[in-house]
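# Turn this into a model:
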Amino acid sequence: MAEQAQYEELARQLSAIGAVKRGMGRILPSDCPAGSAAVLTLLGQYGEMRMSRLAELLSVDMSVTSRHVAHVADRGWIERSPDPADKRSRILRLTPDGHEQLDELSRRTSRLLADRLSDWSDHEVGLLIHLMGRLRESFGDCRAAPQRPPQAPEAEAPEPTTRTPA
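Purely as a prediction, here's the structure:
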């Protein structure tokens, strides 16, 4: 098992991932913010779905999902059709323009990553992909009730600290 100092450094590094995400956000087209890109990506990955399923995959509230969906629908990137099984629900699917936009997002992201990781070996990139996937699996469904952190035995209770992870 890793040492406490390693977990603290990991927490700092994970906090710093925000800079990577912001860098990736800067390459998005001005009319396609991150939330819209996420909607297109998920529809491209999973195919048509109900808005409730999209909200689950985005791990956000339905009101947030509705705003993202309205944005991409207004641009003609998705269509919303009545669900034959439940007329109150809508089925979301990419349009041909949505597929083109998704392809453009993929090209931009791939170019950025290829540029920023140009000094990484194929093995290192593959290892990063593997480890990030494994980390995500270790956290499971982030929408589930939070697990309580393990408690240290009273005799070994850590002293309070003012350190922050980042």
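# for the helix or strand harbouring L57, packing partners?
In this structure, L57 sits in helix 51-58 according to DSSP states H and E. The contact analysis (3 or more CB pairs under 8 Å, 6 or more residues apart in numbering; DSSP states H and E) places helix 51-58 against helix 34-46, helix 62-74, strand 86-94. (Glycine included, C-beta is placed from N, CA and C.)
# L102: which of the ones you listed is closest?
Of all those, helix 34-46 sits nearest to L102, with 4.7 Å by CB to CB.
# In that closest one, which residues are buried?
Of all the residues in helix 34-46, those buried under the rule 16 or more other CB atoms under 10 Å are G35, S36, A37, A38, V39, L40, L42, L43, G44.
# Can you tell me which of these lies closest to R108?
Using CB to CB, the buried residues of helix 34-46 come closest to R108 at A37, 9.6 Å.
# follow-up on the earlier one: can you name the residues in contact with the helix holding L57?
35, 38-39, 42-43, 46, 49, 61-62, 64-66, 68-69, 89-90, 92, 143 (CB atoms under 8 Å, 6 or more residues apart in numbering).
# Now with 10 Å, please.
35, 38-39, 41-43, 45-46, 49-50, 60-66, 68-69, 78, 80, 83, 89-92, 141, 143 (CB atoms under 10 Å, 6 or more residues apart in numbering).
# Now which of those residues would you call buried?
Of the contacts of helix 51-58, these count as buried by 16+ other CB under 10 Å: 35, 38-39, 42-43, 49, 60, 65, 68-69, 78, 89-92.
# Of those residues, which is the nearest to M24?
After measuring the buried ones among the contacts of helix 51-58 against M24 - CB to CB - the closest member comes out as A38, at 11.6 Å.
# Check the offset of the helix or strand harbouring I129 from the chain's centre.
Using DSSP H and E, I129 falls within helix 122-139. With CA atoms, centre = their mean, to the nearest Å as the basis, helix 122-139 stands 14 Å off its chain's centre.
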